[in-house]
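Enquirer: Need the 3D shape of this:
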Amino acid sequence: MSQIQTIEQLRAVISAPHPMTQAKVLDHIDEQARSFITLAPFMIMSTVGDNGVEASPKGDEPGFVQVEDERTLLIPERPGNKLAFGLQNVVANGQIGLLFMCPGTGETLRVNGAASLVDDAELLQKLSARGRAAVLAIRVKVSRSFFHCARSVLRANLWEPEHWPERQTISFGRIIGKAFKATEAVEQQIDTVVNASYRDL
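Expert: The predicted model follows:
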């Protein structure tokens, strides 16, 4: 097996993009991107830090990410598991990549930039949901924005229910219980608590 180690080797396999493809890569949020973000209920947030790369799912009502202006996004941080891997990366590094998705739409929106954490009561209230202010706000200064074509989503049949695999049931109790050498009863209790938390978003 031959390992690709240089950009030249990579480009020998994957040729340079067509100029028309390069033209879609912008340095700001244009009108279509703004509309897409307003409709998107879900995104993946990628950050990088001392322990490597983290990819965190973020979701809420459509428009939960706000477009402050064509070069600035505001992402609310909601209550969660408090591991804060991605937030720690923002503090340590600031590099961020976002992938926005709209159900039923094959294209996705990719945004890159520099992130910072904001703890401002007025802003956090502005980003509130279900009667609760955001815990923090992630402000993203946009450096690159572009729509990714639909091919990967179409190949995956992502929005076609008839192609979906059987729904998986994840047991956090089994994972945590093994770490603490807990009984099966404790594992079930953990799963009950987790499932109850899903009703209190």
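Enquirer: How about the contacts made by Phe180?
Expert: Phe180 makes contacts with Val186, as judged by Cβ atoms under 8 Å, 6 or more residues apart in numbering. C-beta: built from backbone N, CA, C; applies to glycine.
Enquirer: Tell me the confidence at it?
Expert: pLDDT recorded at Phe180 is 89.
Enquirer: For Gly52, see how far away it is.
Expert: 26 Å (Cβ to Cβ, to the nearest Å).
Enquirer: Can you list the low-confidence ranges for the chain?
Expert: Across the chain, the ranges flagged by pLDDT under 70 are 1.
Enquirer: What about Phe42, how many residues nearby?
Expert: Phe42: 15 surrounding residues under other Cβ atoms under 10 Å.
Enquirer: Sorry, wrong one. I was asking about Met43.
Expert: Met43 has 23 neighbours, counted by other Cβ under 10 Å.
Enquirer: Over to Met45?
Expert: Residues lying near Met45 (other Cβ under 10 Å) number 24.
Enquirer: Also Phe172?
Expert: The burial count for Phe172: 14, using other Cβ under 10 Å.
Enquirer: how far away is the closest residue in space to it that isn't next to it in sequence from Ala179?
Expert: Ranked by Cβ to Cβ, 6 or more residues apart in numbering and with sequence neighbours excluded, the top spatial neighbour of Phe172 is Val194, at 5.0 Å. Per Cβ to Cβ, Val194 is found 15 Å from Ala179.
Enquirer: which one of these two has more residues nearby?
Expert: More crowded of Val194 and Ala179, by other Cβ under 10 Å: Val194, with 14 against 7.
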